[in-house]
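**Student:** attaching a predicted model along with its sequence, questions to come.
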Amino acid sequence: MTRVLLGINPQNFSWKLCRGETFTTPEAVLVYSDQGLGGMSRTYHDLYRTRLVRGEWRDKARPILLNNWEGTYFDFTEEKLLAMAGKAKELGAELFVLDDGWFGKRNNDWAGLGDWFCNLSKIPSGIDGLSEKMEEIGIKFGLWVELEMVNKDSDLYRAHPDWMIQAPGRYHCQGRHQHVLDYSRQEVVDCIHDMIAKILSTSKISYVKWDMNRYMTASFSSALPADRQGEMMHRYILGVYSLYERLIGEFPHILFESCASGGGRFDPGMLYYAPQAWTSDDTDASERCRIQYGTSYVYPLSMMGAHVSAVPNHQLGRTTPLTTRGNVAMFGTFGYELDVLAMTEEESAVVKEQIIRMKKYREMIQLGSDFYRLLDPFKGNETGWICVAKDRRSALALFCQTLNRVNDSWIRMRLDGLDADVSYRVRYSIGEENREYTAWGDELVNIGIPIDRADLNTQGGDFASILYELCAE
């Protein structure tokens, strides 16, 4: 027996509807598939990417970026940022994103949220001046914000302590030393809008990363009477939507990225406003195999924020090969989150090659392909997936293993989505060696690509990966 629950979760929800008033419930999206979960996913991907996403960025491949967060955290200067941007440009990146720490008295995560004005002691040129300098380097500029949050150590909280979501007479529960602003109140939304719109209108900004780094607790609004407190959560998200709507209307050229994190923001409602989302702060490549695999059940690759980050990984302490980090991140919006100035010449050469390859395939990956899951990382040691161009003339496939195995047999990764009657040239690299061979589509689908354990050892053993490029002859 199948049971489906749709709509607003009834827990802590109520809405007082007076005579003559209306209430619009959230929409539900259902699709049908006669090709299992894979067919369901591909239907969702095309539906969301072409009929839910809107604006300038719907049909544009996403820029390859460098985000400074894991490279500097809060400890940066204007000179360091410009040096990183110059190196990123040299490597082939197109966008530099300034993450947390540019505003208010934000030298750690205890202060500054809610004060959306530039910290001139860190950035003497201001955001407007810095963005101009980035343009002179030849790279676009993006900015991180967390517009729904406030620290108690901020000018905004000191001026409006009642704007924080809090239950009266109860402990003020914090996460990451921050609290949530009451977006069910129009004056709160207006205030935040005015601050961030001033920054965006006076600077050359082409991308905004809008984080939400904690979940909501003590969901009580000081502006609502007791019999309307059940409306608070729904009114809150309507306030978020309204701010997004105003900003994308005023700045239609900006690419907005929302954040999954504490807000649990992977939902189609957010996709209507921000065409991509930061998939997770867990940037480890092996973890990302599962994260991106799972996300792909409903959401297109063009929505998945995916970065190559530093090692040892800052969340797990794990070291994975740079090739694997790049291969996994390719199946998303793609970017880097590390200190490019600290890379070796060898690492820089690898990054250059990764960016060249991503530029070659990103339109197919993000806009013009069908995605097939091949090997389930939740059920085994390997991950496999493939993007097949709509005309089935080209494809890009990934194999990635978790831990290496001793004296194990060969692996055959069976592909999917290819034209059975077409001969494909299969190209891949093992270490410094470039290889290729030819196989028919039905052979690749029914027999698969043979993967030698010795090749995985060459690729690093644990967390090794191989990227396969397929082109019809």
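**Tutor:** Here it is on my side, so go on.
**Student:** my read: Gly38 touches Val388, true?
**Tutor:** No. The pair Gly38 and Val388 fails to qualify as a contact (Cβ atoms under 8 Å) at a distance of 11.5 Å. In this view, the C-beta of every residue, glycine as well, is placed from N, C-alpha and C.
**Student:** what residues are shared contacts of these two?
**Tutor:** Tyr372, Asp416 (Cβ atoms under 8 Å, 6 or more residues apart in numbering).
**Student:** those two - which one has more neighbours?
**Tutor:** Val388 (24 against 18; other Cβ atoms under 10 Å).
**Student:** what's next to the strand or helix carrying that one, contact-wise?
**Tutor:** Secondary-structure element containing Val388, defined by DSSP states H and E: strand 382-389. Contact with strand 382-389 is made by 289-290, 293, 296, 301, 331, 361, 364-365, 368-377, 394-402, 411, 413, 415-418, as judged by Cβ under 8 Å, 6+ apart.
**Student:** rerun at 7 Å
**Tutor:** 289, 293, 331, 364-365, 368-375, 377, 395-401, 411, 413, 415-418 (Cβ atoms under 7 Å, 6 or more residues apart in numbering).
**Student:** ditto for stretch 129-148
**Tutor:** 63, 65, 78, 82, 85-86, 88-89, 93-100, 113, 116, 123, 125, 127, 180-181, 183, 192, 196, 203-213, 240, 243.
**Student:** so which bits of that stretch are buried?
**Tutor:** Residues of stretch 129-148 classed as buried by neighbour count (16 or more other Cβ atoms under 10 Å): 129-131, 133-134, 137, 139-148.
**Student:** with stretch 466-473 instead?
**Tutor:** For stretch 466-473, by 16+ other Cβ under 10 Å, it's Ile466, Leu467, Tyr468, Glu469, Leu470, Ala472.
**Student:** got the contact list for the third one?
**Tutor:** When contacts are counted by Cβ under 7 Å, 6+ apart, Tyr468 is found next to Ala397, Val426, Tyr428, Ile449.
**Student:** next, give phi and psi for the third one.
**Tutor:** This points to Tyr428. Phi and psi for Tyr428, reported as degrees, to the nearest 10, are phi -160, psi 170.
**Student:** for Ile355, see how far away it is.
**Tutor:** According to Cβ to Cβ, to the nearest Å, Tyr428 and Ile355 sit 18 Å apart.
**Student:** again, but for the first one
**Tutor:** Distance from Ala397 to Ile355, counting by Cβ to Cβ: 20 Å.
**Student:** is it true that Asp55 touches Pro252?
**Tutor:** Not quite, residue 55 is Gly, not Asp. Yes. Counting by Cβ atoms under 7 Å, Gly55 does reach Pro252; the two are 5.9 Å apart.
**Student:** follow-up on the earlier one: tabulate the buried residues of stretch 466-473 (TSV), appending secondary structure, distance to Asp455 and pLDDT.
**Tutor:** What follows is the buried residues of stretch 466-473, written out as TSV (DSSP: H, G, I helix; E, B strand; the rest coil; distance: Cβ to Cβ, whole Å; pLDDT from 0 to 100):
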residue	secondary structure	distance to Asp455	pLDDT
Ile466	strand	7	98
Leu467	strand	12	98
Tyr468	strand	12	98
Glu469	strand	16	98
Leu470	strand	17	98
Ala472	strand	24	98
